[in-house]
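> everything below, folded, please.
(4 chains)
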Number of protein chains: 2
Amino acid sequence: MSTSDPADRRGPDGPDRAADLPPVIARLWGRSAPPRRGPKPALSVERIVRAAVDLADAEGLAAVSMARVAESLGYSSMALYRYVESKDELLVLMADAVAESLTLPPLPEGDWRAGLEAWTRAQIEGVLARPWYLDLPLTTAPVGPHRLRWIDRAFAMLEPLGLTMDETLQIVGLLAQHVLGEGRVQVETRRAAAETVRSAQGLPGDTPERDLDERALAAANPYADYELVLSRLADPETYPALTRALTTWEPAPAAPDDWESDVGFGLDIVLDGIEAFVARRTGGRPGSAGPARTA
Amino acid sequence: MSTSDPADRRGPDGPDRAADLPPVIARLWGRSAPPRRGPKPALSVERIVRAAVDLADAEGLAAVSMARVAESLGYSSMALYRYVESKDELLVLMADAVAESLTLPPLPEGDWRAGLEAWTRAQIEGVLARPWYLDLPLTTAPVGPHRLRWIDRAFAMLEPLGLTMDETLQIVGLLAQHVLGEGRVQVETRRAAAETVRSAQGLPGDTPERDLDERALAAANPYADYELVLSRLADPETYPALTRALTTWEPAPAAPDDWESDVGFGLDIVLDGIEAFVARRTGGRPGSAGPARTA
DNA sequence: ACAGAACAGCGGATCACATAAACAGTTTCT
DNA sequence: AGAAACTGTTTATGTGATCCGCTGTTCTGT
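Presented below is the predicted three-dimensional model:
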C-alpha cells in the first residue's frame, strides 16, 4: 500500500526486521532498536510507564503530567520525550501496562459462556481498581501485547463455535465495550455514593474513599438527583412515564454491596444475547440465520 | 438529608420554589432567577452553550476553550463565568443541548423492541453526527431536561412489561451504555479508515472527511493494524487462537457502507438479551426467574 | 588513539488554558 | 441620593505540553 520512505537502516547485528513499524507500536512491543551511540540511556520506556501508572494509581490521571512523572523519577520533563513521542503515546502505553497487571482468568474447557463471563468480570474489576483507566483516550487501534493477550483468550473461548473471524471480533468488541460501559457506571455510582456520604457526614471533600463508612456507602441513594429533579422540576406532562414510575417506586431493600449483582445484571443480558446469536447461527433454522450480513 | 444553609432568598414575584437547587441543575433546567438589579445581561446561558456546540461541531471538542467560545460571541473569556460556574459545567450543558437537537423517534404501540431499537439507533446516529459527544466527561448524575426526555421515552416503551423501576433503569442504562460504546467503535472505525485513505492517497492529514473518496473509505481495511501486529510481532505460541483465526480469515466482501449493519450486530445481541430477560421475568417459569437480586 | 557524529538530559522559553482578583460602569431598591 | 447587586473587562497567576539550543557523553570509523 504505502511505498514511500523506505529508510533502509537495517538492524546491523541480527534479523531485526521490525525497524519500520509505526513508532507507537514499536514501543508498545518493546521493539525499538537500542541506540548504538551516545550516552547510555538512564531511563527506559518501562520505567517511565511504571512511574506514570503509579502516579495515576495514587492521584488519578489528572495528576499525570509529564513534569510530575519526570519528577517522580528524578529527571526533567523533557527527558521523557527521548523515550516517548508525546503524552498521548504515554497514555497508550499505560493502557497496555494496565492490561499486563491484570491476571487473565483461566480458560474453562467447553463452556464459552462461563469463560466470557469471567473474562468480562475480571476486566470490570480491573477498571474498578483503576478508575483512571476510563479517562484514558482509548482508541481501539494501537494494539499492545498485553491487551492482545486478552483478545486472544476471548478468541480461544469462542473458537469451538466455528464463527467467522468478523463475528468473533464483533462479539469480543461488544464485550470489551461492555467492560468500559459497565465500568463507567460502577465507578460513577461509587463516586456519587461517596460524595453523598461525605456531604451528609460533613467530611471534607477530599476524604479518601477508604475512610468512609461502608454501611453508609451502601445506603446512599444513587437516584437522589433523579428524585430531586423529578419531584421539583419535571412536570408530569412532559415526563409521564418517569413520573408514573417514580410514584410506584419502592426504594428496594438496599442490599449491602450490591455491586456484584449489579454488574451481573447487564452482563447476563449481554451474554444471553450472545447465546441467542450463537444458537441462531450454529443450530440455526434456515431463514432467520444468515452470516450477519444484510447488504 | 442535608439541612444546612437554608438561604432564604425567595423569588419575589411568584411561587418560584426552585431557588435552592444545585446551581448546575438550575441552569440545566433554566431555573436561574433573572437578576433584579444591575445592567441587563448581554449574554445568556443558551447563547453560550450554542456557541460552544457550534465550535465543537466545527473543530472538535478540543477547540472549545473558554477563550474561543467567548471570542466567537464577541466577549472576553471571563464574561462567560457570569453565566456558568466552570468549564465543566459548560460541558454538561452542552451534553443536554445535544440531546435537545436530536429528534426523539416515535413511540410504536405494542412493540417495545422496535421502539428501543429505534431509540438506540437514533442516539448512535446522533453520536456519529457529533463525535465530540464521546469526549465529554459524561457523568450519569446531572440530569438535564432533554436527556431526561429520552429516558422518559424509554420508560414509556418498557412500561407495559410491568418491570420494577430498578430493572427498567438497568435496561435503559444498558442501552445508554451501548450507545456510547457502539458510537465510540463506529467513530473510531471511520476515523481509522479516513486516516488510511489519506495516507494511501498522499493527502494532507487535515483533509476533511467529506473530501475523501467514499469507495476508498469503504474499502479501507479496519483491521490493518491487527494484521500488521499479528503477522510481524505476535508470535503464535503467545497468541494461538488469534493466529489461527487470522490464517483462516477471508477479507469479507466489504459491502460499501457497512456501518448500518455493523451497528445492528451488537444492537441485536443486546436486544435479544433484553428479550430473554423479559421472557424470563414475565412469562417466567418459577425457579430461574426472580427479581434480579441474588443477595 | 582520536575526531566527530549521534545521542542523553537540562534549562529556558513559548504558547494556550482555566480561573482568580480587582475594577469600572449600570441599573434598581431603599 | 446612595448603597447594593449586577455586568463585562483587565490583569495576573499557575499549570501544562512542547520547542529549541546547550553541554556533555559515548560510539564508529580511521
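> how many neighbours does the residue in chain A that DNA strand D sits nearest to have?
At 3.0 Å from DNA strand D, A:S65 is the closest residue in chain A, using CB to the nearest atom of the strand. All C-beta atoms are positioned from the backbone trio N, CA, C, and that covers glycine. A:S65 is flanked by 13 other residues according to other CB atoms under 10 Å in any protein chain shown.
> contact partners for A:E182?
By CB atoms under 8 Å, 6 or more residues apart in numbering or on different chains, the contact set of A:E182 is A:I124, A:V263, A:G266, A:L267, B:Q177.
> any idea of the mean pLDDT in the host helix or strand of the fourth one?
Following DSSP states H and E, the helix or strand that holds A:L267 is helix A:259-282. On average, the pLDDT along helix A:259-282 is 91.
> helices or strands up against it?
The helices and strands touching helix A:259-282, judged by 3 or more CB pairs under 8 Å, 6 or more residues apart in numbering or on different chains; DSSP states H and E, are helix A:112-129, helix A:165-200, helix B:165-200, helix B:259-282.
> avg pLDDT for the shortest one?
Just to be clear, that refers to helix A:112-129. On average, helix A:112-129 scores 97.
> now the element after that helix, going C-ward?
By DSSP H and E, the next helix or strand past helix A:112-129 is helix A:145-158.
> show me what that following helix is in contact with.
Contacts for helix A:145-158 (CB under 8 Å, 6+ apart): A:28-30, A:95-97, A:99-100, A:102, A:104-105, A:107, A:112, A:115-116, A:119, A:123, A:143, A:168, A:171-172, A:175, B:229, B:233-234, B:238-242, B:245.
> may I have it exported as CSV, CA atoms only?
Output of helix A:145-158 as CSV, limited to C-alpha atoms (Å, rounded to 0.1, in the frame of the first residue of the first chain):
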residue,chain,number,x,y,z
PRO,A,145,0.9,-7.1,23.5
HIS,A,146,-1.0,-7.4,26.8
ARG,A,147,-4.3,-6.2,25.6
LEU,A,148,-3.9,-8.5,22.7
ARG,A,149,-3.4,-11.5,25.0
TRP,A,150,-6.9,-10.8,26.4
ILE,A,151,-8.3,-10.7,23.0
ASP,A,152,-6.6,-14.0,22.1
ARG,A,153,-8.0,-15.6,25.2
ALA,A,154,-11.5,-14.5,24.2
PHE,A,155,-10.9,-15.8,20.7
ALA,A,156,-9.8,-19.1,22.2
MET,A,157,-13.1,-19.4,24.1
LEU,A,158,-15.2,-18.7,21.0
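> tally of neighbours for A:T238?
Neighbours around A:T238, by other CB under 10 Å: 12.
> could you find the closest non-adjacent residue to it?
Leaving aside its sequence neighbours, A:T238 sits nearest to B:R149 (CB to CB, 6 or more residues apart in numbering or on different chains; 6.8 Å).
> and the helices and strands packed on helix A:259-282 as a markdown table, adding distance to DNA strand D?
Output for these, formatted as a markdown table (distance: least, CB to the nearest atom of the strand, whole Å):
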| stretch | distance to DNA strand D |
| --- | --- |
| helix A:112-129 | 22 |
| helix A:165-200 | 21 |
| helix B:165-200 | 18 |
| helix B:259-282 | 31 |
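> any low-confidence regions in the stretch 51-200 of chain A?
A:140-142 (pLDDT under 70).
> what does it have sitting close to DNA strand C?
A:A70, A:Y75, A:S76, A:S77, A:M78, A:A79, A:R82, A:Y83 (CB under 7 Å from any atom of the strand).
> what about the last one, how many neighbours?
Around A:Y83 sit 19 other residues, with neighbours defined as other CB under 10 Å.
> follow-up on the earlier one: buried among the contacts of helix A:145-158? Need that as a selection in PyMOL.
In PyMOL syntax, the buried subset of the contacts of helix A:145-158 is picked out as below (16 or more other CB atoms under 10 Å in any protein chain shown):
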select buried, (chain A and resi 28+29+95+96+97+99+102+105+112+115+116+119+123+143+168+171+172+175) or (chain B and resi 229+233+234+239+241+242+245)
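> separation between the residue lying closest to A:R47 once chain neighbours are set aside and A:L80?
Excluding the flanking residues, the one nearest A:R47 by CB to CB, 6+ apart is A:L73, at 6.5 Å. Note on A:L73: its distance to A:L80, by CB to CB, to the nearest Å, is 8 Å.
> neighbour count for these two, which is higher?
A:L80 (22 against 17).
> picking that back up, which ones among the residues of the stretch 51-200 of chain A next to DNA strand C are found in helices?
Among those, the members found in helices (DSSP state H) are A:A70, A:S77, A:M78, A:A79.
> how about JSON lines for these, with neighbour count added?
Shown next, in JSON lines, are these (neighbours: other CB atoms under 10 Å in any protein chain shown):
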{"residue": "A:A70", "neighbour count": "20"}
{"residue": "A:S77", "neighbour count": "13"}
{"residue": "A:M78", "neighbour count": "10"}
{"residue": "A:A79", "neighbour count": "17"}
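> out of the residues you listed, which touch DNA strand D?
Among these, DNA strand D is touched by A:S77, A:M78 when using CB under 7 Å from any atom of the strand.
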